[in-house]
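[1] need a structure here:
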Amino acid sequence: MFNFTPLMTRTAIAKSLGFIVGLIGFWGTRTMLPTADPLLAWGVLALFLTIGGVVGISGTVHRIPMFNVVYPPWLRGGLMGAWFTFLSVIFGYDMLAATFQNIAYLPDVFKNPWWMIADGIVVGALIDIIVSRIVKNVPDLYVA
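    A predicted model of the protein is given here:
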């Protein structure tokens, strides 16, 4: 039906997975924190959709050319997820800190917004691992 290149297929699947995770985060934010700013829920949806898209596109990098080292999917996706959640925490720290303080069931040690980076690492790595197993023939960007 559709004649997608492997990169387009990879990116579409990764963005779909990111969208699903983002919808779960959107629903969880609105359900568990109904008094939180609605922009937080939309931000969570956009964050994971963006992580999925970037992880999908970054699948063209199979090795680090400067060192000629293999770049495995779990590391590539984890780094992309960590970077984007790191940016989200930096720019939204005040709102996230206030929101996390209102979660009653969360242990005190996890009420720090920096824990979101661990979430981004796990989600990014899982998306990249899943997509790398589904779409195998993506050409390497650094073929020299």
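[2] contacting residues around the helix or strand of the chain with the lowest mean pLDDT?
    Across the helices and strands of the chain, mean pLDDT, DSSP states H and E gives its lowest value to strand 63-64, namely a mean of 84. The contact list for strand 63-64 (Cβ atoms under 8 Å, 6 or more residues apart in numbering) reads 69, 70, 71, 140, 142. The C-beta positions use only the backbone N, C-alpha and C, and glycine is treated the same way.
[3] By neighbours, which of the residues you listed wins?
    residue 71 (17 neighbours; other Cβ atoms under 10 Å).
[4] Settle this for me: residue 49 is touching residue 18, isn't it.
    Yes: under the criterion of Cβ atoms under 8 Å, residue 49 makes contact with residue 18 at 4.8 Å.
[5] Of those two, which one has the most company?
    Comparing residue 49 with residue 18 by other Cβ under 10 Å, the one with more neighbours is residue 18, at 26 against 20.
[6] For that one, grab phi and psi.
    phi -60, psi -40 (degrees, to the nearest 10).
[7] Would you agree it is in contact with residue 46?
    No: checked against Cβ under 8 Å, the pair residue 18 and residue 46 is beyond contact range at 9.7 Å.
[8] pLDDT weak spots in the protein?
    Flagging of the chain using pLDDT under 70 yields the residue ranges 1, 143-144.
[9] Let me see the ranges of the helices in it.
    6-32, 38-57, 73-91, 93-101, 116-134 (DSSP state H).
[10] any chance of the ones you listed in TSV, with distance to residue 107 too?
    Listed next are the helices of the chain as TSV, based on distance: least, Cβ to Cβ, whole Å:
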stretch	distance to residue 107
helix 6-32	15
helix 38-57	21
helix 73-91	19
helix 93-101	11
helix 116-134	14
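[11] Please identify the one among those that comes closest to residue 110.
    Of all the helices of the chain, helix 93-101 sits nearest to residue 110, with 7.8 Å by Cβ to Cβ.
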